[in-house]
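Colleague: Below is the sequence, then the predicted model.
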Amino acid sequence: PLFFGSTRQFEQIFSTSAKSDPPSVRLDFSESRVIDHSAVESLQNLSDKYSEMGKSVRLVGLCTDSTNVLSKYYEGRQGAPPFQFSTHSDASQTNGKSQPSQISNNQGIAA
C-alpha cells in the first residue's frame, strides 16, 4: 500500500526514470491501496513532475477505499487532481476496460 511510511520509496522509484518514461504513465493499483493524505500528496507531486515534462499520469484499478481517500483530499480544493483514475468497478462494468473517473470539487467522484 501507498501510505506515509512508503511514499519516500515510491517517489525514489520514479526519480531517475521520469525522463525516459512514455508520454502517458499508467500506475496500476489493483494490487495496492492509497491509504492516507501523504500518499495522495506523493501522487500529486509525481503527477506535477510528469506534467512539467508534458506527460500525464493515470491511476487504474483503485479500490473504493482508495477513491474515497482521493475524494476527501480534493473535496473543496481549487481544481481537479493532476491525474485521472479508475476503479476496479469501472473495469468490471466496461468489459475489463478501465474508464477514467473524475473528481468534482463539491460532489466527490463522478463516474
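Modeller: On my side now, so go ahead. Residues are numbered from 1 along each chain as shown.
Colleague: Find me the pLDDT at residue 3, would you?
Modeller: According to the prediction, residue 3 has pLDDT 95.
Colleague: How about the backbone phi and psi for it?
Modeller: Here the main-chain torsion angles of residue 3 (degrees, to the nearest 10) amount to phi -150, psi -180.
Colleague: Disregarding residues adjacent in the polypeptide, which is nearest to residue 44?
Modeller: residue 82 (6.2 Å; C-beta to C-beta, 6 or more residues apart in numbering). Backbone N, C-alpha and C define where each C-beta goes, glycine included.
Colleague: who touches that neighbour in this structure?
Modeller: Neighbouring residues of residue 82 by C-beta atoms under 8 Å, 6 or more residues apart in numbering: 44, 47, 48, 51, 57.
Colleague: For the protein, just list every one of the helices.
Modeller: 7-15, 37-52, 64-74, 88-93 (DSSP state H).
Colleague: Tell me where the longest strand sits in the protein.
Modeller: Looking across the chain with DSSP state E, the single longest strand is strand 56-62.
Colleague: Select, out of the helices of the chain, the one closest to residue 26.
Modeller: Nearest to residue 26 among the helices of the chain is helix 37-52; the distance by C-beta to C-beta comes to 11.5 Å.
Colleague: Contacts for the closest one, please.
Modeller: 1-4, 6-7, 10-11, 14, 18, 21, 25, 34, 56-57, 59, 69-70, 73-74, 81-83.
Colleague: for the spatially most central residue of the chain, which residues make a bridge with it?
Modeller: With distances taken as C-alpha atoms, centre = their mean, residue 59 lies nearest the centre of the chain, 4.2 Å away. Beta-bridge pairing for residue 59 (DSSP bridges): residue 27, residue 85.
Colleague: rewinding a little: please read off the pLDDT at the residue nearest to residue 44 from the model.
Modeller: At residue 82, the predicted lDDT confidence score is 85.
Colleague: Next one: it from residue 45, what distance?
Modeller: Distance, residue 82 to residue 45, using C-beta to C-beta, to the nearest Å: 9 Å.
Colleague: Just the buried ones out of the contacts of helix 37-52, please.
Modeller: 2-3, 7, 10, 14, 25, 34, 57, 59, 69-70, 73-74, 81-83 (16 or more other C-beta atoms under 10 Å).
Colleague: I appreciate the help and will end here.
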